[in-house]
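Novice: prediction below, plus the sequence it came from.
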Amino acid sequence: MKALSRLLAPDRILWLEQDTKDQCLRAMVDALSRSAALEGPDEIYQAILERERLLSTGFGLGLAIPHAKLRGIRDFVVGLGIHVRGVSFDSLDEKPVHVLVMILGPDSQQENYLKVLSRVTAFLKDNRERLLTLSTAQQVFELAFDY
């Protein structure tokens, strides 16, 4: 399993200012699609929305992990968005989300998918508050080195 810093890249770390959950998700999908040269950003966006319809990935504490399993992807791609003001996300605790980590992964790698999700969760648990104090993508990227 690759380290989180190998799945994330500085150009996939965004400061979000969009007003809605859907706009934030779209901005992240667009950034990940460009950065990782993924085809079909509209299909990826629809897969993310479909997962959100099942149950919001905003799990509380200002955190969300939107994710989707895709057929046309060979490896995992991770992006991180920071929304300083916070965005309504239909979170389980009904509070705004400030940090979003988007995971896109192959639909055939369930075990690795769970490992990536576990690393992301540990990273967020340990660094939730610190992430909001950082001001550059490089700082956020370096924080992910140990995960």
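Specialist: Looks like it came in fine.
Novice: ranges for the strands of the protein?
Specialist: 13-15, 58-60, 63-64, 67-70, 77-87, 97-106 (DSSP state E).
Novice: which one of the ones you listed lies closest to Ala37?
Specialist: Nearest to Ala37 among these is strand 77-87 (9.8 Å), distances taken as Cβ to Cβ. All C-beta atoms are positioned from the backbone trio N, CA, C, and that covers glycine.
Novice: re earlier: of all the strands of the chain, which one is nearest Ala137?
Specialist: Nearest of the strands of the chain (Cβ to Cβ): strand 13-15, 3.9 Å.
Novice: strands paired with the closest one, and their directions?
Specialist: strand 77-87 (parallel) (DSSP bridges).
Novice: in a markdown table, list the strands of the chain along with distance to Ala137, mean pLDDT and mean neighbour count.
Specialist: A markdown table is the format used below for the strands of the chain (distance: least, Cβ to Cβ, whole Å; pLDDT from 0 to 100; neighbours: other Cβ atoms under 10 Å):
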| stretch | distance to Ala137 | mean pLDDT | mean neighbour count |
| --- | --- | --- | --- |
| strand 13-15 | 4 | 98 | 19 |
| strand 58-60 | 23 | 94 | 18 |
| strand 63-64 | 19 | 98 | 26 |
| strand 67-70 | 21 | 96 | 19 |
| strand 77-87 | 9 | 97 | 20 |
| strand 97-106 | 14 | 97 | 24 |
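Novice: could I get those in TSV, plus columns for distance to Arg34?
Specialist: Putting those into TSV (distance: least, Cβ to Cβ, whole Å) gives the following:
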stretch	distance to Arg34
strand 13-15	11
strand 58-60	25
strand 63-64	21
strand 67-70	16
strand 77-87	10
strand 97-106	13
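Novice: how close does Val97 sit to Arg71?
Specialist: The span separating Val97 from Arg71 equals 28 Å under the rule Cβ to Cβ, to the nearest Å.
Novice: let me fix that, I meant to ask about Glu111.
Specialist: Relative to Arg71, and taking Cβ to Cβ, Glu111 is found at 17 Å.
Novice: now do Leu7
Specialist: 19 Å.
Novice: ok, Pro106 next?
Specialist: 8 Å.
Novice: got a list of what Ala68 touches?
Specialist: 44, 47-48, 50-51, 103-105 (Cβ atoms under 8 Å, 6 or more residues apart in numbering).
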